[in-house]
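Visitor: Got a predicted structure plus its sequence, pasted below:
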Amino acid sequence: MPAGSSNKRERQYEHIKESAEDRGASKSRAKEIAARTVNKERARSGESKTASRTSTKDPKSASQRGGERSHSGAQGPTKDQLYEEAKKKNIDGRSSMNKQQLKKALGR
């Protein structure tokens, strides 16, 4: 966190970082996710000295979006993400399936 950050932003950073780690992100990735989220929130609320246009003009805040864009890449969710979803739904044979087969089994 940048020097001079409020206690609220420090707590928010720690909460987001811990949540990301709980979801299986590495420590460095969790820190990156938390820092980007908190910095965007700071920019939206006018707490930062500089802000990108996308930080201030995006209609949804990062917390409202909640990872919405993480599955909307060119190929959609990764095979690992599909596998984890299949695991939660207890789909048989998931360990030997490729990405296309996982998508089909999940009804995507």
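Guide: Right, received. Where do you want to start?
Visitor: roughly how far out does the top helix by length along the chain sit from the chain middle?
Guide: For the chain, the helix reaching the highest residue count under DSSP state H is reported as helix 27-44. Chain-centre distance of helix 27-44: 10 Å, with CA atoms, centre = their mean, to the nearest Å.
Visitor: Now it: buried residues?
Guide: Judged by neighbour count (16 or more other CB atoms under 10 Å), helix 27-44 contains these buried residues: 30-31, 33-34, 37-44. Yep, even glycine has a C-beta here, placed from its N, CA and C like the rest.
Visitor: list the helices and strands that helix packs on?
Guide: Applying 3 or more CB pairs under 8 Å, 6 or more residues apart in numbering; DSSP states H and E, one finds that helix 27-44 makes contact with helix 7-22, helix 53-57, helix 62-65.
Visitor: now the first one against helix 27-44, angle please.
Guide: Read that as helix 7-22. Using axes from the mean of the first three to the mean of the last three CA atoms, to 10 degrees, the inter-axis angle of helix 7-22 relative to helix 27-44 is 140 degrees.
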